[in-house]
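*Asks:* When you get a sec, could you give me coordinates for this:
(one chain, ligands or ions: 1)
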Amino acid sequence: MASEPKTLQEAIIYFADPDNCLNFLVARRWRDGVMCPHCGSKEVRFLATRRLWECKSKHAKRQFSVKVNTIFEDSPISLDKWLLAVWMIANCKNGVSSYEIHRAIGVTQKSTWFMMHRIRLALDLGTFHKLGGGPNNEVEVDETFVGGKLRNMHKDKKAIYNNTRGAFGKTIVMGLLDRGRKEVRAKVVVDTKRDTLQPQVHKEVKHGSTVYTDEAVAYEGLSYKYVHDVINHMEKYVNGRVHTNGIENFWSLLKRGIGGTYVAVEPFHLSRYVDEQVFRYNNRATADNPMNDFDRFSLAVSNIVGKRITYAELTGKEAGW
Ligand SMILES: [Zn+2]
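*Replies:* Below you'll find the predicted structure:
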């Protein structure tokens, strides 16, 4: 097998060979050998001409492909196109539009849109550890408003408009940044009330950590479980370590991507886009974590196994692509 691709151009050449696509996926899906997805048996034989396996046990659906039970399942789109779309999404720092992918891989825009949503689902890596973890571990907590007319409005005024959010079509994203790990969690939330925001802090941040928030009433009471320092936005200069500049940088990246690449951002789709941006942010190259494009791509593909979303689940419509 040729060596692993390092650039999009190399990936195009590499995955043009169907055997490279297959071997790449098999290595990430079945690390301990190919296994029947229906009964779990490893007694399988490879049907080389059809690039399928057949389970030796007697049961229905004995034949299976590498696509089964993945986001690629039921898709007529070939694996090379799927993998290139994953490559582009995993690596384009400011987001990539369905139009760019449509042009690059040569499938319809409708199919591209569907592929992108499936891929985003795979980029939600699901994390099990909490942020913070001690009195010296600092976590920034903040919310931002995405969409429409309030883009340039100051945060205090946005809070006033929050109660009339429906009328303005705003969507709220809450984010938490662990400064030590340089790791972000972010999700779409329904409002900025205490009962919405505080459970997220308790869920994502170890008790005893230092938490920085703005002075929103929603965060009052966190000092019961955290060292809670509040930012006064009226002060002109940042007060030492008490700031949320880190998570605000993440908001900039998020909005740059949306502004440049997404026309309409419904809350459901924004949620997937947030996952995509969190994936790129948490897996960006740093001195401690020198990831390259291939590494990010490989991580995304590894996560694809077992993830599956249907067209009906995405849109409420039947598949027609
Ligand atoms: Zn089987």
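*Asks:* which stretches of the chain have low pLDDT?
*Replies:* 1-2, 125-127, 134-136, 148-169, 234-239, 259-268, 305-321 (pLDDT under 70).
*Asks:* Give me every residue in it that's in contact range of the ion.
*Replies:* 36, 38-39, 41, 55, 57 (CB under 5 Å from the ion). Any C-beta I mention is one placed from the backbone N, CA and C, and that applies to glycine too.
*Asks:* Please list only the buried members of those.
*Replies:* Taking 16 or more other CB atoms under 10 Å as the criterion, what is buried in these is 36, 55.
*Asks:* Which one of the residues of the chain next to the ion is nearest to Leu47?
*Replies:* Cys55 (11.4 Å; CB to CB).
*Asks:* ok, which stretches of the stretch 51-200 of the chain are helices?
*Replies:* 79-91, 98-105, 109-123, 155-161, 165-168, 194-204 (DSSP state H, counting those that start in this stretch).
*Asks:* now do the stretch 201-321 of the chain
*Replies:* Using DSSP H, counting those that start in this stretch, helices in the stretch 201-321 of the chain cover 245-261, 267-282, 293-304, 311-315.
*Asks:* ok, and for the first one, which residues are buried?
*Replies:* Applying a neighbour-count criterion of 16+ other CB under 10 Å, the buried positions in helix 245-261 are 246-247, 250-251, 253-255, 257-258, 261.
*Asks:* before we move on, the earlier item: now distance to Thr49 too, for the helices of the stretch 201-321 of the chain, in CSV please.
*Replies:* What follows is the helices of the stretch 201-321 of the chain, written out as CSV (distance: least, CB to CB, whole Å):
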stretch, distance to Thr49
helix 245-261, 41
helix 267-282, 37
helix 293-304, 25
helix 311-315, 30
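*Asks:* Compare those and give me the one nearest Asn91.
*Replies:* Set against Asn91 and scored by CB to CB, these come closest in helix 293-304, at 4.6 Å.
*Asks:* For the closest one, which helices and strands make contact with it?
*Replies:* Packed against helix 293-304 by the contact rule (3 or more CB pairs under 8 Å, 6 or more residues apart in numbering; DSSP states H and E) you find helix 18-29, helix 79-91, helix 109-123, helix 267-282.
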